[in-house]
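**Q** Need a 3D model of the sequence below.
(one chain, ligands or ions: 1)
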Amino acid sequence: MSTAPTEEIPFHLQGNFAPVDREVEATDLPVQGALPPELCGLYVRQAPNPVTGVSPHWFMGDGMLHGIRIENGRAVWYRNRYVQTPYLENPDAERISDTGEFDRTLSKANTHVLRHHGRILALEEGSFPYVVNGELETQGCTDFDGRLRSAFSAHPKICPKTGEMLSFGYGQLPPYLTYLRVSPEGELVQATEIEVPGPTMMHDFAITESYALFLDLPVVFSLEDAMKGLMPFAWSDDYGARIGVMPRTGGNADVKWFEVEPCYIFHTVNAYEEAGRVVLDACHNTELWRKAGDMTSGDGKLSLRRFQLDLASGSVKEETLDERGMEFPRVADALVGQKHRFAFTLRIDPMNEGEPAFRGALKTDFRTGRSELHEYGEGRASGEAVFVPAAGSDPGSDEGYVMSYVYDENTHESEFVVLDATDMTKDAIARVKLPQRVPNGFHGSWIPDA
Ligand SMILES: [Fe+2]
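**A** Numbers count the residues shown, from 1 in each chain. Purely as a prediction, here's the structure:
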């Protein structure tokens with residue numbers, strides 16, 4: 001996006017994909033515009049930041065949290081902190097022992113950060129969660145009092161109605177898929193094996209009020225490639241593609257599988273129930289990583305897709321809602337598993353040699369089919385844009401704010417930017433210049449005080 005990759009240095013170590021080499025802190029940062037006084041809390045987002053300065057792939061850097069604390073219109077502090085995992089001391093630590101045992105405390109902890117039952121969890125899909133506090137200090141790894149025996153997804157869903165956190169873990173060895181249910185009190189109360197034909201890369205899932213949805217899609221683990229030290233996931237023309245729908249307290253025998261057209265989905269937008277159907281909206285790739293060991297090959301075409309799964313007949317209706325590429329989808333936290341009208345994504349041009357080209361933040365109105373794009377300016381690109389509802393707003397509305405870190409390749413600097421979500425075409429309502437740039441990263445959360 002900023003600097004054309006050279007043959008010597010892969011894209012994820014150049015421009016704003018490159019790591020920063022310092023943990024810094026700044027207090028009372030100057031605000032351009034006005035931060036809404038009702039916003040009191042922490043915005044925190046992950047970015048992979050290899051501690052050695054290099055990593056084999058963008059997905060494999062060590063997790064660094066970039067947090068900004070907002071209070072009564074003030075930007076109280078910004079700081080960036082590594083999640084303190086064993087990799088920081090021993091970057092070459094091996095997750096799999098000679099006897100085939102996984103050490104799930106070994107995590108890059110680099111993918112998502114969210115709060116459940118008062119605990120802030122730094123997540124990466126192959127490992128146990130790491131707990132951090134509101135100051136971004138690592139408190140340690142959690143296996144939910146010994147009950148977690150599998151990996152834990154970086155994309156659990158917190159049900160706004162019940163407070164449960166629903167998740168899953170996938171593995172390269174059986175069990176390939178484990179469904180995980182965490183009570184509102186933070187206890188892991190269910191860990192159930194779900195049978196799937198093979199070890200696929202399952203990055204995200206979805207919930208509705210009654211169901212959990214599993215994405216069993218044809219990007220399959222290859223032990224052979226892993227042994228060769230290659231990226232061990234690749235597209236399979238043979239595996240097929242299916243979406244599983246299971247009652248949230250159910251088990252393997254309760255899963256209803258729906259065959260879909262082969263595709264890959266990194267991220268679901270949301271799912272909900274309507275008239276006997278489960279509706280799933282997702283950021284859809286027609287294919288991914290066709291060449292074994294080469295994550296830059298065959299990324300296919302990206303679009304916004306809707307799946308309607310008819311629970312009685314077992315039929316599936318698939319339709320493309322928007323042909324444009326978009327990723328990093330978010331809906332209001334209060335609407336997870338409920339029917340959404342609005343979603344917020346990043347416009348992404350087709351992958352170029354594996355490098356996502358981030359454009360503006362896009363609001364999609366699923367009722368009208370219209371969308372609004374916020375372009376942050378020439379040479380400026382946003383990371384994941386998180387929607388934060390305005391105080392007292394209707395939960396289904398777009399009254400609220402869109403917040404993200406924005407990098408300016410002209411100045412090599414980053415800002416924290418807040419938009420008015422009701423009109424994304426307007427200028428930002430607040431911009432906070434940060435003491436150093438925030439590298440392109442993955443997911444984050446607004447963690448309100450109240
Ligand atoms: Fe993700």
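**Q** elements contacting the lowest-mean-pLDDT helix or strand in the chain?
**A** The helix or strand of the chain with the lowest confidence, counting by mean pLDDT, DSSP states H and E, is helix 223-227 at a mean of 75. Contacting helix 223-227 under the criterion 3 or more C-beta pairs under 8 Å, 6 or more residues apart in numbering; DSSP states H and E is no other helix or strand. No exception for glycine: its C-beta is placed from N, CA and C like everyone else's.
**Q** Pairing partners for the next helix-or-strand element following that helix, with directions?
**A** Next along the chain after helix 223-227, taking DSSP states H and E as the criterion, comes strand 233-235. According to DSSP bridges, strand 233-235 forms sheet pairs with strand 219-221 (antiparallel).
**Q** Could I get the CA-only coordinates of the least confident helix or strand of the chain as PDB?
**A** These are the backbone C-alpha positions of helix 223-227, laid out as PDB (Å, rounded to 0.1, in the frame of the first residue of the first chain):
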ATOM      1  CA  LEU A 223       1.200 -32.200   7.300                       C
ATOM      2  CA  GLU A 224       3.500 -32.600   4.400                       C
ATOM      3  CA  ASP A 225       3.800 -28.900   3.900                       C
ATOM      4  CA  ALA A 226       4.200 -28.300   7.600                       C
ATOM      5  CA  MET A 227       7.100 -30.800   7.700                       C
END
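**Q** List the buried residues in that helix.
**A** By neighbour count, with 16 or more other C-beta atoms under 10 Å as the criterion, the buried positions of helix 223-227 are D225.
**Q** do stretch 371-384 as well
**A** Under the neighbour-count criterion of 16+ other C-beta under 10 Å, stretch 371-384 has S371, E372, H374, Y376, R380, A381, S382, G383, E384 buried.
**Q** same deal with stretch 238-246?
**A** Using 16+ other C-beta under 10 Å as the test for burial, stretch 238-246 gives Y239, A241, R242, I243, G244, V245, M246.
**Q** List of residues touching it?
**A** Contacts of stretch 238-246 with the rest of the structure, by C-beta atoms under 8 Å, 6 or more residues apart in numbering, involve 179, 194, 196-198, 200, 211-218, 220, 254-263, 278, 280, 307, 309, 311, 316.
**Q** can you pull the contacts of D98?
**A** For D98, no residue meets the contact criterion (C-beta under 8 Å, 6+ apart).
**Q** That one in helix, strand or coil?
**A** Secondary structure for D98, judged by DSSP: H, G, I helix; E, B strand; the rest coil, is coil.
**Q** Okay, now stretch 324-334: how far is its last residue from its first?
**A** Stretch 324-334 has its terminal residues 26 Å apart, counting by C-alpha to C-alpha, to the nearest Å.
**Q** Kindly report the same for stretch 391-409.
**A** Start-to-end span of stretch 391-409 (C-alpha to C-alpha) is 34 Å.
**Q** Stretch 370-386 too?
**A** Across stretch 370-386, first to last residue, C-alpha to C-alpha, it's 19 Å.
**Q** starting at the chain centroid, how far to it?
**A** Going by C-alpha atoms, centre = their mean, to the nearest Å, the spacing between the C-alpha centre of stretch 370-386 and its chain's C-alpha centre is 17 Å.
**Q** Any of the contacts of stretch 238-246 buried? List them.
**A** For the contacts of stretch 238-246, a burial check counting by 16+ other C-beta under 10 Å picks out 179, 194, 196, 200, 211-218, 220, 255-258, 260, 262-263, 278, 280, 307, 309, 316.
**Q** what is V219 paired to in the beta sheet?
**A** Taking DSSP bridges as the rule, V219 bridges to W235.
**Q** Near it, how many other residues are there?
**A** Each residue near V219 was counted by other C-beta atoms under 10 Å, and the total is 23.
**Q** my read: it touches G198, true?
**A** No: contact between V219 and G198 fails when scored by C-beta atoms under 8 Å: they sit 10.6 Å apart.
**Q** Can you name the residues that contact the closest residue in space to G244 that isn't next to it in sequence?
**A** Spatially, and ignoring its direct neighbours in sequence, G244 is nearest to F214 (3.9 Å; C-beta to C-beta, 6 or more residues apart in numbering). Listed by C-beta under 8 Å, 6+ apart, the contact partners of F214 are F168, L177, Y179, I194, V196, M202, F205, I243, G244, M246, V255.
**Q** Just the ones of the buried residues of stretch 238-246 in strands?
**A** Applying DSSP state E to these, the entries found in strands are R242, I243, G244, V245, M246.
**Q** could I get these as CSV with pLDDT and distance to W235?
**A** Putting these into CSV (pLDDT from 0 to 100; distance: C-beta to C-beta, whole Å) gives the following:
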residue, pLDDT, distance to W235
R242, 98, 16
I243, 98, 18
G244, 98, 20
V245, 98, 24
M246, 98, 26
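**Q** Out of those residues, the closest to L419 would be?
**A** Proximity to L419 was ranked across those by C-beta to C-beta; first place goes to I243, at 32.7 Å.
**Q** what pairs with that closest one across the strands?
**A** With beta bridges defined as DSSP bridges, I243 has these partners: L215, F258.
**Q** so how far is H203 from it?
**A** For I243, the distance to H203 (C-beta to C-beta, to the nearest Å) stands at 14 Å.
**Q** ok, D449 touching E38?
**A** No: counting by C-beta under 8 Å, E38 is not a contact partner of D449; they are 10.8 Å apart.
**Q** if you count what's nearby, which of the two comes out ahead?
**A** E38 (16 against 11).
**Q** Please tell me I have it right and that one contacts A391.
**A** Yes: E38 sits in contact with A391 when judged by C-beta under 8 Å, with a separation of 4.6 Å.
**Q** How many neighbouring residues does the closest residue to L114 other than its chain neighbours have?
**A** Beyond its immediate neighbours in the sequence, the residue positioned closest to L114 (C-beta to C-beta, 6+ apart) is S445, lying 4.6 Å away. Counted with other C-beta under 10 Å, the burial measure for S445 works out to 22 neighbours.
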